[in-house]
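S.K.: predicted model, plus sequence, below.
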Amino acid sequence: MSSDVMTGEEFRGLRENRGFNQQELAEFLNEKLGRRYDRNRISRWENGAERIPQLVVTALRPTAAPSSVGIPAVHVGPAMTLVVSNQKGGVGKTVSVANIGFLLAKAGRRVLIVDADPQASISIHLGVDPHECELAGTSLSQVLFNDRPTREAIVGVCDGQLDLLPCSIDLADADTNLAREPNGTLVLREKLDEVRDEYDFILVDCPPNLGVLTVSALNAADQLLIPSQTEMLSLMGIPKLLENVVKVRRRVNPRIGLLGILPTLFKARRVQDQAMVEELRKLAAANKTRLFTPVKDVADIAKGVTAGRPALELNPNIVGAEAYEEVAQALLELLCARKETLRGAA
Ligand SMILES: Nc1ncnc2c1ncn2[C@@H]1O[C@H](COP(=O)(O)OP(=O)(O)OP(=O)(O)O)[C@@H](O)[C@H]1O
Ligand SMILES: [Mg+2]
């Protein structure tokens, strides 16, 4: 399909498929291409009054899925563990884990998602009933508190594309139960090590606090991703989280790296959201880490939660896909680099 043959109707279909109204599409194109289109121009393209530039057609086409090019198809373990954390609630941690996990699986990688939040949000998001897991004894708390083999608690989700280590509200006893264990915040790492060779990636969804579960996750992490809503309160907790990362690196886990900060729930038209992205950019630069493309605030992303599936599985072309694809690609590249190092050392 080239611009020569693309009709206005086809163009409108592409726009609607990506969840943009005409104004949003103009803003998307201006941001991406450095142009000054407005909704009238989009309207003229759609009603055939004006030719659609090839550049615009290309920009609107679905982006390529993250590529596994250069990464061995066969598994050469151990898994890279990504922890997704921010002590502020409701900033898109869970939704990010679901969608990044899905993209990594789609790129052919074996992915385990670990629900380390007693709210059990990612378990519910991926269609698993936390109460049933609790009754069946197949939740993360059984693994952590009763030394149940990790493998026995893992379930397949998304038609087997992803594996999940679910949890239920009984994980809320982690503070007391893990405090009784010698080096209790290392139990999660030990239990994940049981299955690390079976996956390419382990993604851990954290609760909105810096308690024992988050510290346990950081102790097990290779990489940390910090989603942050583009509003003030969400930003304010990041320095404290980063302080903890420095301590974890010094005391327990020297391998932990900062993958980056992911702005979420971004409303491009709100001046304060734009200002907050700038603040996040400065914070990322000061901590020598990457600021990913912001994930826009779009209903389609929230719809995935209701549907019990990652939003990008329901519709790979929704607004926000680019941001998650960027994160997935960064992880695939890191995995590739690490596997090269492992091979060199072998
Ligand atoms: N990009 C987005 N656009 C629209 N809604 C979103 C987006 N990302 C997340 N949401 C919605 O925002 C809410 C919070 O998202 P999510 O549960 O992922 O945050 P969280 O940081 O994991 O929350 P908690 O701290 O409670 O674990 C959910 O209702 C989710 O559907
Ligand atoms: Mg959550």
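M.R.: Thanks, I have it. Numbering: from 1, shown residues only. Ligands and ions are numbered 1, 2, ... in the order given.
S.K.: whatever residue of the chain ends up closest to ligand 2 - nearest residue in space that isn't next to it in sequence?
M.R.: When scored by CB to the ion, the chain has T94 as its residue closest to ligand 2, at 3.3 Å. No exception for glycine: its C-beta is placed from N, CA and C like everyone else's. Excluding the flanking residues, the one nearest T94 by CB to CB, 6 or more residues apart in numbering is S121, at 4.4 Å.
S.K.: test my guess that that neighbour contacts V97.
M.R.: No: the criterion here is CB atoms under 8 Å, and S121 misses it with V97 at 9.3 Å.
S.K.: so these two - more neighbours on which side?
M.R.: V97 (28 against 21; other CB atoms under 10 Å).
S.K.: need the contact list for the more buried one.
M.R.: V84, I113, I122, L203, V204, D205 (CB atoms under 8 Å, 6 or more residues apart in numbering).
S.K.: what is the nearest of those to G160?
M.R.: I113 (13.2 Å; CB to CB).
S.K.: against N317, how distant is that closest one?
M.R.: Counting by CB to CB, to the nearest Å, the gap between I113 and N317 amounts to 23 Å.
S.K.: higher neighbour count, those two?
M.R.: I113 (30 against 15).
S.K.: does that one lie in a helix or a strand, and which?
M.R.: Following DSSP states H and E, one finds I113 within strand 111-115.
S.K.: convert that strand to PDB, retaining C-alpha atoms only.
M.R.: This file holds the C-alpha atoms of strand 111-115, laid out as PDB (Å, rounded to 0.1, in the frame of the first residue of the first chain):
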ATOM      1  CA  VAL A 111       8.700 -15.000  29.700                       C
ATOM      2  CA  LEU A 112       7.700 -15.400  33.400                       C
ATOM      3  CA  ILE A 113       5.700 -12.700  35.100                       C
ATOM      4  CA  VAL A 114       5.900 -12.700  38.900                       C
ATOM      5  CA  ASP A 115       3.100 -11.000  40.900                       C
END
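S.K.: direction included, what does that strand pair against?
M.R.: Each strand paired with strand 111-115, and its direction, by DSSP bridges: strand 162-165 (parallel), strand 201-205 (parallel).
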